[in-house]
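[1] Can you look at this prediction? I've put the sequence above it.
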Amino acid sequence: MNRENKELKVNELKDTFSRAKFAAVADYQGLKVSELEKLRISLRGQNAQIQIAKNTLLRLAVKDTSYEGLEPYFTGSTVVAFGFEEPVGPAKVLTEFNKDLDKLQLRSAMFEGAVLNSEELVALSKLPSKEELLGQLCGVLAAVPTKLVRTFNAAPSNLVYALQAIKEQKEQQEN
């Protein structure tokens with residue numbers, strides 16, 4: 001790879017790092033091309049991608065960025081997974097992929113300026129996704145008006161039951 005191509009690759013990586021909200025570093029040694037392609041497809045469904053690059057190019061790309069904390073993890077066979085929306089989906093894909101094949105060694109990740117170790121990345125993957133959280137919020141928001149309507153309906157219903165009880169009591173007294 002000549003100098004010009006290296007500069008293009010570094011610029012491409014810098015651009016990817018700048019757009020990413022989440023980045024995870026892993027060792028992909030032992031993975032077949034077909035397995036990597038399966039991982040790429042799974043990540044694409046989560047608005048994420050992976051890139052394989054030389055460690056020196058990755059170090060140059062993260063220099064003076066918010067992902068500079070990942071630099072010590074660029075050793076050996078390195079693949080970087082980028083998430084562009086939220087971190088939970090890509091983290092789930094990576095941990096599930098690792099469970100299935102046990103060949104992808106998760107080293108570290110970075111989210112909102114915090115460096116996460118592999119255990120923290122697994123914990124992140126167990127959180128509900130953004131869509132699940134939005135669904136839970138909608139359920140909570142829908143429950144409030146429903147309970148309010150039931151409460152408003154309870155007062156007239158109780159009045160009707162009380163009047164009915166008084167009527168029955170008076171009928172019994174007359175008999």
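    Yep, that arrived.
[2] so who does the residue nearest the centre of the chain touch?
    Geometric centre of the chain, nearest residue: Val88, 1.5 Å, by Cα atoms, centre = their mean. Counting by Cβ atoms under 8 Å, 6 or more residues apart in numbering, Val88 touches 124-125, 127-130. Placement of C-beta: from N, CA and C, glycine included.
[3] make it 6 Å
    The contact partners of Val88, by Cβ atoms under 6 Å, 6 or more residues apart in numbering, come to 127, 129.
[4] So for the helix or strand that contains Ala154, mean pLDDT?
    According to DSSP states H and E, Ala154 maps onto helix 130-174. Helix 130-174 shows a mean pLDDT of 79.
[5] So which elements touch it?
    Helix 130-174 sits against no helix or strand, with contacts defined as 3 or more Cβ pairs under 6 Å, 6 or more residues apart in numbering; DSSP states H and E.
[6] Could you check the pLDDT of the nearest residue to Arg40 once chain neighbours are set aside?
    Spatial nearest neighbour of Arg40, excluding adjacent residues (Cβ to Cβ, 6 or more residues apart in numbering): Ile50 at 5.9 Å. The model reports Ile50 with a pLDDT of 93.
[7] how near is Ile50 to Ala23?
    Note on Ile50: its distance to Ala23, by Cβ to Cβ, to the nearest Å, is 10 Å.
[8] Of these two, which one has the most company?
    Ala23 (25 against 21; other Cβ atoms under 10 Å).
[9] Domains in the protein, by residue range?
    For the chain, the structural domains run 3-127, 128-175, going by automatic domain parsing.
[10] Mean neighbour count, the ones you listed: which tops it?
    Sort the domains of the chain by mean neighbour count, taking mean count of other Cβ atoms under 10 Å, and domain 3-127 sits at the top with a mean of 17.
[11] right, and the residue nearest to Arg40 touches Val79 too?
    Yes - applying Cβ atoms under 6 Å, one finds Ile50 in contact with Val79, separated by 5.3 Å.
[12] can you tell me how far His61 sits from Leu134?
    Check again: residue 61 is Ala, not His. 33 Å.
[13] would you list every one of the helices in the protein?
    Secondary structure of the chain (DSSP state H): helices located at 3-19, 33-44, 55-62, 88-101, 118-125, 130-174.
[14] Please save the CA atoms from the fifth one in PDB.
    The C-alpha atoms that make up helix 118-125 are tabulated as PDB, following Å, rounded to 0.1, in the frame of the first residue of the first chain:
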ATOM      1  CA  SER A 118     -15.200  -6.800  27.300                       C
ATOM      2  CA  GLU A 119     -17.300  -7.500  30.400                       C
ATOM      3  CA  GLU A 120     -18.900  -4.100  30.300                       C
ATOM      4  CA  LEU A 121     -19.500  -4.600  26.600                       C
ATOM      5  CA  VAL A 122     -21.400  -7.800  27.400                       C
ATOM      6  CA  ALA A 123     -23.400  -6.000  30.100                       C
ATOM      7  CA  LEU A 124     -24.200  -3.200  27.600                       C
ATOM      8  CA  SER A 125     -25.500  -5.900  25.100                       C
END
